[in-house]
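Undergrad: here are the coordinates; sequence isn't available:
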């Protein structure tokens, strides 16, 4: 049973526009959420996180929104740049348990 | 520079052979993890260790074994019992065993294992 779901395998966005990546979760015990970015043949790199006590966290061009009632979070990238093209993983944590990852969304930013 | 090192980057194994993937970190992190990535499958947890001399099975531990004799090292052995070992293997570490909730995980650059 998949606890973290990224239902869009891929997304294409024009350079300069907003990219919105979505993530849904089923485990109500999750209390911390993270986004990772991954290039081919490399390890994921941490991008941004949010605690369940917040509904928004911003870091430069990246903003994560959390809707606990809907068990949904999203990552907004604005403006999108060609270097943002990568696979983005949503991950969630419940207390001291290891991170659970979604299947990822491949973002392509077209110049 | 502190980091986490996985070696080798590419590994070929004949069917029926065991193979060990190396993972070393100099971040002084307590917890270490092994994930496997397959196309369209995301990252799935194989084993994790929150403290030296202790480790726990993840979601797909069958056919794998680990050891944690030193804080810095968490090698993964892919045994002949693993039915589909060809995959990209990622090692990660975090400051403590709290699932990396404060700083996230630091990942290595991965090892691609191919069974020939």
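TA: Looks like it came in fine. This structure is a prediction, so every number in the text was calculated from the model and none was measured. Numbering: from 1, shown residues only, chains lettered A, B, ... in the order given.
Undergrad: Now the residue in chain A that chain B sits nearest to: closest residue in space that isn't a chain neighbour?
TA: Relative to chain B, the nearest point of chain A is residue A:43 (3.1 Å; C-beta to the nearest C-beta). C-beta coordinates here come from the backbone N, C-alpha and C atoms, glycine included. Spatial nearest neighbour of residue A:43, chain neighbours left out: residue B:107 (3.1 Å); criterion: C-beta to C-beta, 6 or more residues apart in numbering or on different chains.
Undergrad: so where is chain B shaky, pLDDT-wise?
TA: By pLDDT under 70, the weakly predicted segments of chain B are B:1, B:97-103.
Undergrad: hang on, the earlier thing: surely the residue nearest to residue A:43 and residue B:88 touch.
TA: No - Residue B:107 is beyond contact range of residue B:88, at 11.3 Å (criterion: C-beta atoms under 8 Å).
Undergrad: which ones are touching the residue in chain B that chain A sits nearest to?
TA: Using C-beta to the nearest C-beta, the closest approach of chain B to chain A is made by residue B:107 at 3.1 Å. Residues in contact with residue B:107 (C-beta atoms under 8 Å, 6 or more residues apart in numbering or on different chains) are A:43, A:44, A:45, B:4, B:90, B:91, B:92.
Undergrad: picking that back up, ok, now how distant is the residue of chain A closest to chain B from residue A:92?
TA: The gap separating residue A:43 from residue A:92 is 19 Å, by C-beta to C-beta, to the nearest Å.
Undergrad: Compare the two (neighbour count), which wins?
TA: residue A:92 (26 against 21; other C-beta atoms under 10 Å in any protein chain shown).
Undergrad: Beyond the lengthiest strand in chain B, next helix or strand please.
TA: Using DSSP state E, we find that the single longest strand of chain B is strand B:42-51. Per DSSP states H and E, the first helix or strand lying C-terminal to strand B:42-51 is strand B:54-57.
Undergrad: Quick check: which helices or strands does that next one pack against?
TA: strand B:42-51 (3 or more C-beta pairs under 8 Å, 6 or more residues apart in numbering or on different chains; DSSP states H and E).
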